[in-house]
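>>> model the structure of this input:
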Amino acid sequence: MFRKELALIAILCTFFAGNLQAEQIHSTWVGGASGIWEDASNWNPPIVPDNGYAVMISDAEVDLQENHIIDQLDCYGNVVFGTGHTKQGWWVGLDLEDANGLRNHGYLSTESLVMLHIHGNLDNPEGCTIDTAVNGGIDVDGNVENAGLIISCPPAGLLCGPVHNVGQIIIFGGVCGSNVLDNDSTGIIKGFGTVGGMSPFINKGKIYATGGGLTVATDDLLLFNSGTMGNAALASVNVMHPGVVMNIGVPTDTNNFGTIEVNAGGGVAFDCNLVNEPNGVIKLLGGTLAATSITQSADANFAGFGGINGDVVIEPNGLIKLTGPTNVVGDVEIKNDATLQISDGLTLITGQTTCNGTIHIKGGYVIPQGGLSGNCNVIWEPGLYTNVADFNLDGKVNLEDFAYFADTWLWQTAWR
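From the prediction side, this is the model:
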């Protein structure tokens, strides 16, 4: 009988212990403007939160001296996580185990070697900010929903699972890496550093390089842009498919259904083929557009001046308008019923020009340095601002142009 009672007591103890362990404890920071996580007096109830705690912190700078595991974290006002003097003297981790993970309601900053490991989700609503600062970082296994502002700084930045961005992500030399990146129509990603995604990589908003080089890296075989990708002056966007870099041998494309802006002093480069799809727009604004090959589809828009690095293919009924001095480093193929229009400037093509369509020159010049072949229809006409017969470049075509031509090209020739 005594043994049965002991067995019953053991079963009941196990049952109650399980219930107690499953019950989540809510802990609130009461340590004022600054304090140490490990000080029990900074919490209500006065116990250091660790394992099974849902923590709420408002307007405080909290130092962590060792690693901790909690369920979830809600931050209000200005909250800063730092290390102060850590016992291990290196990175300190705060692990969040619950599916709710981190919910930010104000300005949250991780700095001084603090890494938040969020095994659930991260929610950063409109009007709120998450700043990884220098030497801080956030690692998220679950979903990231950002309608506010996320600032990613080196070396760790933001490493996460699926990201849905309708707010802003600013990268200051850091990393924003995810396995699925959906930059929605109101989403903005800008700065210098690295933004990466696996499959799929979708940009419906704006990705812009400012302050330096922004690398857009994806493991997806196809990158779809229906928003805007571009560079500020003196900055550059570099789209990289690691599959190509690692010589996997799978052909890759970037398909542009949106807008690519290429501004002066920098450029936009793809280490793959670029296909400008119908209704896609490429604005060449004095910078350099580079790709393995650039295909201009029918009903797509491609206009401007600057540099083009890569082979260019204009599909039937496709049109490229170059309106100013432009260098094309590569071959150019103009297919049947396709047109290359050159206006008000010199276009130099270093590779082979194969034309079975039309080269329409309006007050400009073209030099097919690598040779011209095919059954090409060449149209010459004066431009709005320049004329091929305006040799002295005074905006008029008259006898003075003939005199200038004669003096420069006839009277000074070697045979005279």
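>>> below-threshold pLDDT in this protein: ranges please.
Scanning the chain for pLDDT under 70 picks out the ranges 1-22, 85-89, 198-200, 219-222, 242-252, 384-416.
>>> go again with 50.
Within the chain, the stretches with pLDDT under 50 are 1-21, 243-251, 411-416.
>>> all helices for it, in order.
Counting by DSSP state H, one finds helices in the chain at the ranges 2-22, 242-245, 399-405.
>>> I figured residue 355 hits residue 374, correct?
Yes - under the criterion of C-beta atoms under 8 Å, residue 355 makes contact with residue 374 at 4.5 Å. In this view, the C-beta of every residue, glycine as well, is placed from N, C-alpha and C.
>>> common neighbours of those two, please.
Residues touching both residue 355 and residue 374 (C-beta atoms under 8 Å, 6 or more residues apart in numbering) are residue 334.
>>> what about the two, which has more around it?
residue 355 (23 against 15; other C-beta atoms under 10 Å).
>>> how much space between the more buried one and residue 367?
14 Å (C-beta to C-beta, to the nearest Å).
>>> how about residue 66?
For residue 66, the distance to residue 367 - C-beta to C-beta - is 69 Å.
>>> first-to-last residue distance for stretch 102-111?
Terminal residues of stretch 102-111 are spaced 17 Å apart (C-alpha to C-alpha, to the nearest Å).
>>> swap in stretch 28-36?
14 Å.
>>> contact partners of it?
Contact with stretch 28-36 is made by 39, 41-44, 55-65, 84, as judged by C-beta under 8 Å, 6+ apart.
>>> and it, how far out from the chain middle?
Distance, stretch centre to chain centre, for stretch 28-36: 37 Å (C-alpha atoms, centre = their mean, to the nearest Å).
>>> same question for stretch 369-383.
With C-alpha atoms, centre = their mean, you get 38 Å for stretch 369-383.
>>> I'd say residue 275 and residue 253 touch.
Yes - here residue 275 lies in contact with residue 253, judged by C-beta under 8 Å, at a distance of 5.4 Å.
>>> list only buried entries from the contacts of stretch 28-36.
Burial by neighbour count, 16 or more other C-beta atoms under 10 Å: within the contacts of stretch 28-36 this picks out 42, 43, 55, 56, 57, 60, 61, 62, 63, 64, 65.
>>> and the closest residue to the first one other than its chain neighbours, how many neighbours?
For residue 42, ignoring the flanking residues on the chain, the nearest one in space by C-beta to C-beta, 6 or more residues apart in numbering is residue 31 at 3.0 Å. A total of 18 residues lie near residue 31 under the criterion other C-beta under 10 Å.
>>> go on, residue 264?
Neighbours around residue 264, by other C-beta under 10 Å: 15.
>>> cool, residue 204 as well?
19.
>>> unless I'm mixing things up, it is touching residue 185, no?
Yes - taking contacts as C-beta under 8 Å, residue 204 lies within contact range of residue 185: 4.7 Å.
>>> can you list residues touching both of the two?
Common neighbours of residue 204 and residue 185 (C-beta under 8 Å, 6+ apart) are residue 227.
>>> list the buried residues for the longest strand belonging to the chain?
The strand spanning the most residues in the chain, taking DSSP state E as the definition, is strand 281-296. Residues of strand 281-296 classed as buried by neighbour count (16+ other C-beta under 10 Å): 281-296.
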